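Student: Here's my sequence, what's the structure:
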Amino acid sequence: MPRPKRLRPDAEQVGFYLTPEEQLVLQIIRVRRKKRGDERIGQSEIVSDALMTLLEKVEGVARERIDDLVVDQRTGAKLKQFPKK
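Tutor: Residues are numbered from 1 along each chain as shown. Below is the predicted model:
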């Protein structure tokens, strides 16, 4: 039975490449989370968590600041959306 999707409705697919070493790191994190019983074991969830941690700890940007920058499209977005090619 496939696991349920936990992606937000406004999530968009992106593509990136990983070296074999990076893929191994991702798999190690996934297995460790699974052993702990964590629900966020998907690749996109792990990468998302890592990006948010990097933004907060290395770049010094609070998670709340990101929420302030992203506004719902229906209420007048501050971020411009470019059409897909």
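
Student: Burial check on Ser48, number of neighbours?
Tutor: Each residue near Ser48 was counted by other CB atoms under 10 Å, and the total is 14. Every residue, glycine included, has its C-beta placed from N, CA and C.

Student: oh sorry, the question was meant for Ile41
Tutor: By the criterion of other CB under 10 Å, Ile41 has 17 neighbours.

Student: Going forward, the N-terminal residue is numbered 20.
Tutor: Sounds good: first residue 20 from here, last item Ile60.

Student: Assign a three-state SS to it, would you?
Tutor: Ile60 carries the three-state label coil when classified by DSSP: H, G, I helix; E, B strand; the rest coil.

Student: and the lengthiest helix in the chain, what's its mean pLDDT?
Tutor: The residue-count maximum for a helix in the chain (DSSP state H) belongs to helix 39-55. For helix 39-55, mean pLDDT rounds to 96.

Student: Next: stretch 79-99.
Tutor: 68.

Student: who touches stretch 32-41?
Tutor: Leu45 (CB atoms under 8 Å, 6 or more residues apart in numbering).

Student: for the most centrally placed residue in the chain, phi and psi?
Tutor: Nearest residue to the geometric centre of the chain (CA atoms, centre = their mean): Ser67, 2.1 Å. With angles defined as degrees, to the nearest 10, Ser67 sits at phi -60, psi -50.

Student: Count the neighbours of Lys76 for me.
Tutor: 9.

Student: correction: Phe35
Tutor: Other residues within reach of Phe35, judged by other CB under 10 Å, total 6.

Student: Ile85 versus that one, what's the distance?
Tutor: In this view, Phe35 and Ile85 are 19 Å apart by CB to CB, to the nearest Å.
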